[in-house]
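Colleague: structure, please.
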Amino acid sequence: MNKKLLGILLCVLLSSCTSNRGYHGEKRPKTELATIYAAKIQRYGFGNSQALGIAQVNGIEVGDPFKGYPRKVYVLPGEVTLKFKFGTLTLGQAIERGLIPGSTSNNNVKSKGELKFTVEKGKSYRLHFKSEAHTYEDLTVWTEPYK
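Modeller: Numbers count the residues shown, from 1 in each chain. You can find the predicted model right below:
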């Protein structure tokens with residue numbers, strides 16, 4: 001009995017992982033899609049970092065503080081509306097509750113934002129951000145072709 005319950009619980013937990021599909025419908029070949037790669041975590045000072053997590057693509061939730069945020073998302077060609085969460089954190093916060101895959105709290109998320117841009121099928125894009133003061137007020141977010 002305990003093994004069955006454990007198996008069911010494990011299936012539920014594994015099925016709640018982040019999604020990397022930013023579109024509805026049947027799974028499509030990657031050649032028909034565009035790929036958006038998440039921004040890398042930026043470190044500054046001693047043990048501090050800032051991160052930008054992809055939360056939604058065209059209204060489809062792909063990441064959150066409980067499931068984590070995907071490293072890449074596949075989308076249909078055309079205009080993309082990407083919603084993100086930005087936060088700064090110390091090393092201790094990152095370990096305890098960080099804005100990183102598998103995080104368990106929204107406490108360090110400082111702000112939410114949105115970015116609109118157009119993608120082409122078969123192309124890859126990298127999300128970038130810059131915040132010299134480590135605040136949302138001076139946050140700049142953009143994309144560049146990748147690979």
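Colleague: residues near residue 52, how many?
Modeller: Applying other C-beta atoms under 10 Å, we find 24 residues neighbouring residue 52. Just so you know, the C-beta spots here come from the backbone N, C-alpha and C atoms, and that holds for glycine as well.
Colleague: what segments of the protein are helices?
Modeller: All helices of the chain, identified by DSSP state H, fall at 2-15, 91-97.
Colleague: in this protein, which helix or strand is least confident?
Modeller: In the chain, the helix or strand scored least confidently by mean pLDDT, DSSP states H and E is helix 2-15, which has a mean of 43.
Colleague: all the strands of the protein, in order from the start?
Modeller: Secondary structure of the chain by DSSP state E: the strands cover 34-37, 42-44, 48-57, 60-61, 72-75, 78-90, 109-119, 124-130, 140-145.
Colleague: what lines up beside the last one in the sheet?
Modeller: To tie it back to what came earlier, the one meant is strand 140-145. strand 124-130 (antiparallel) (DSSP bridges).
Colleague: same question, the shortest one
Modeller: Sheet partners assigned to strand 60-61 using DSSP bridges are listed as strand 48-57 (antiparallel).
Colleague: what is the orientation angle of the partner strand with strand 78-90?
Modeller: On the basis of axes from the mean of the first three to the mean of the last three C-alpha atoms, to 10 degrees, strand 48-57 is oriented at 150 degrees to strand 78-90.
Colleague: hey, what's the most centrally placed residue in the chain bridged with?
Modeller: Central residue of the chain (C-alpha atoms, centre = their mean): residue 54, 2.8 Å from the mean position. Counting by DSSP bridges, residue 54 is bridged to residue 84.
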